[in-house]
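Chemist: A predicted structure for the sequence below; I have some questions about it.
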Amino acid sequence: MDLDLRLYAILDPATAGGRALPELARQVAGSATLVQLRDKTSSTRAMVEAARAIQSVLTPANVPLLINDRVDVALVAEADGVHIGQDDMAPADARLLLGRGAIIGLSIKSVAQAQAAPLEHLTYVAIGGVFATTSKDSTDPPIGLSGLRAIVQAVRARAREFPICAIAGINDGNAADVIAAGADGVSVISALSLAPDPGKAAKSLRAVVDGALAARVRS
């Protein structure tokens with residue numbers, strides 16, 4: 001399945017506004033190009049069940065599903081891949097388990113991490129947090145647009161066309177700046193899940209991203 005990072009929606013029961021995750025997936029599936037299940041508290045069995053339920057919504061829409069951190073859940077639920085952090089399973093090991101066709105993403109927070117990332121085992125990297133966010137507990141200060149640009153340049157110095165998305169605090173008002181800074185897409189949680197109408201919010205944000213990408217090509 002081809003990778004499209006333009007609108008990467010993260011679904012987390014802790015930031016779902018009381019909505020069931022499969023219902024959230026249904027609402028955003030028309031605009032989101034990639035979806036991740038992130039769940040730091042549920043049991044393994046509950047995660048597998050949630051992944052399968054979300055997958056049943058996304059598959060007809062041809063939207064890939066990734067699992068945050070949990071390679072085992074991705075395998076059992078037959079998800080399209082995983083997103084891992086710097087302290088999770090090594091990308092080489094995740095690739096060994098999931099195979100060549102799986103999507104594997106890695107969180108990058110610094111130029112040093114960008115320079116050390118094993119790109120040969122990865123499908124994309126997610127840079128952040130760009131802006132302040134309440135969706136994830138973090139003691140790291142936001143890197144801002146200047147930090148994003150620096151890390152994008154570090155990745156692209158190694159692999160010119162390597163897929164990059166940006167994450168944290170991104171919304172309609174700043175997504176265009178994120179794309180202008182070099183990201184190929186935006187990864188969002190609250191901007192969709194906590195919106196009064198997640199489907200409408202996804203459509204609006206997707207339009208901003210598409211417009212910014214078109215403007216970048218023209219420039």
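Modeler: Sure, I can see it. Worth saying up front: this structure is predicted, and the values here are computed from it rather than measured.
Chemist: so for the longest helix along the chain, what's the average pLDDT?
Modeler: Using DSSP state H, we find that the single longest helix of the chain is helix 198-218. Taken as a whole, helix 198-218 has an average pLDDT of 97.
Chemist: Could you do stretch 184-193 as well?
Modeler: pLDDT averaged over stretch 184-193 gives 97.
Chemist: Stretch 98-113 now?
Modeler: For stretch 98-113, mean pLDDT is 98.
Chemist: can you pull the contacts of Y124?
Modeler: 3, 5, 103, 105-106, 162-165 (C-beta atoms under 8 Å, 6 or more residues apart in numbering). All C-beta atoms are positioned from the backbone trio N, CA, C, and that covers glycine.
Chemist: typed the wrong thing, it's A25
Modeler: 9, 11, 35, 54, 57-58.
Chemist: Look up which helix or strand it falls in, please.
Modeler: Secondary structure from DSSP states H and E places A25 in helix 21-28.
Chemist: and that helix, which residues are buried?
Modeler: 21-22, 24-28 (16 or more other C-beta atoms under 10 Å).
Chemist: Looking at the residues you listed, spot the one nearest D197.
Modeler: Set against D197, the nearest of the buried residues of helix 21-28 by C-beta to C-beta is Q27 (7.8 Å).
Chemist: got a list of what the closest residue to I179 other than its chain neighbours touches?
Modeler: Counting by C-beta to C-beta, 6 or more residues apart in numbering, I179 lies nearest to A212, which is 3.6 Å off, once chain neighbours are set aside. A212 makes contact with 175-176, 178-180, according to C-beta under 8 Å, 6+ apart.
Chemist: what's the answer for G85, then?
Modeler: Residues counted as contacts of G85 (C-beta under 8 Å, 6+ apart) are 69, 106-107.
Chemist: swap the cut-off to 6 Å and go again
Modeler: Shown in contact with G85 (C-beta atoms under 6 Å, 6 or more residues apart in numbering): S107.
Chemist: ok, it to P142 distance?
Modeler: 17 Å (C-beta to C-beta, to the nearest Å).
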